[in-house]
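Engineer: This is a predicted model, with the sequence first.
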Amino acid sequence: GYGTWMNVLFASPYVGKRVRISVYTRTAGATRRADVWARVQARESPADGVGLVSKNVALPASSDWRRTEIVFDVPRDAVWVHYGVGLAGAGQLW
């Protein structure tokens, strides 16, 4: 499966603005998928779906601490901003 840590923010302070999400990660022995992701959801967006905006950045299987950024615009009909990190398969992600 795919495990994720995520944070959910109300989008209202960010509507109509460009947002930058910056995270520091470290990986060790990721065998399938490790990534940083962000999405903007409308009220009618699927709970686990892409929504209005969706971006992700693949992480290397093993890396020292590194900074990853995702930049996106928040549309007017946004209700939530979700962002997180995820890992599928064996390995570690900090």
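Structural biologist: In hand now; what should we look at?

Engineer: Quick check: closest non-adjacent residue to V81.
Structural biologist: L9 (4.5 Å; CB to CB, 6 or more residues apart in numbering). Backbone N, C-alpha and C define where each C-beta goes, glycine included.

Engineer: And W94, by the same measure?
Structural biologist: R26 (4.5 Å).

Engineer: hang on, isn't the residue nearest to V81 packed against A78?
Structural biologist: No: taking CB atoms under 8 Å as the definition, L9 is not a contact partner of A78, at 10.2 Å.

Engineer: More neighbours: these two, which one.
Structural biologist: Comparing L9 with A78 by other CB atoms under 10 Å, the one with more neighbours is A78, at 23 against 14.

Engineer: Excluding chain neighbours, what is closest to the more buried one?
Structural biologist: A11 (3.8 Å).

Engineer: E69 versus the one you found, what's the distance?
Structural biologist: 19 Å (CB to CB, to the nearest Å).

Engineer: Could you look up the SS state of the residue nearest to W94?
Structural biologist: strand (DSSP: H, G, I helix; E, B strand; the rest coil).

Engineer: ok, now which ones touch it?
Structural biologist: 63-66, 93-94 (CB atoms under 8 Å, 6 or more residues apart in numbering).

Engineer: Just the pLDDT for it.
Structural biologist: R26 is assigned a pLDDT of 98 by the prediction.

Engineer: now A58
Structural biologist: Value for A58, per-residue pLDDT: 98.

Engineer: That one is in contact with A34, isn't it?
Structural biologist: Yes: between A58 and A34 there is a contact under CB under 8 Å: 7.2 Å.

Engineer: Looking at these two, which is more packed in?
Structural biologist: The residue with more neighbours, out of A58 and A34, is A34; 25 against 12, by other CB under 10 Å.
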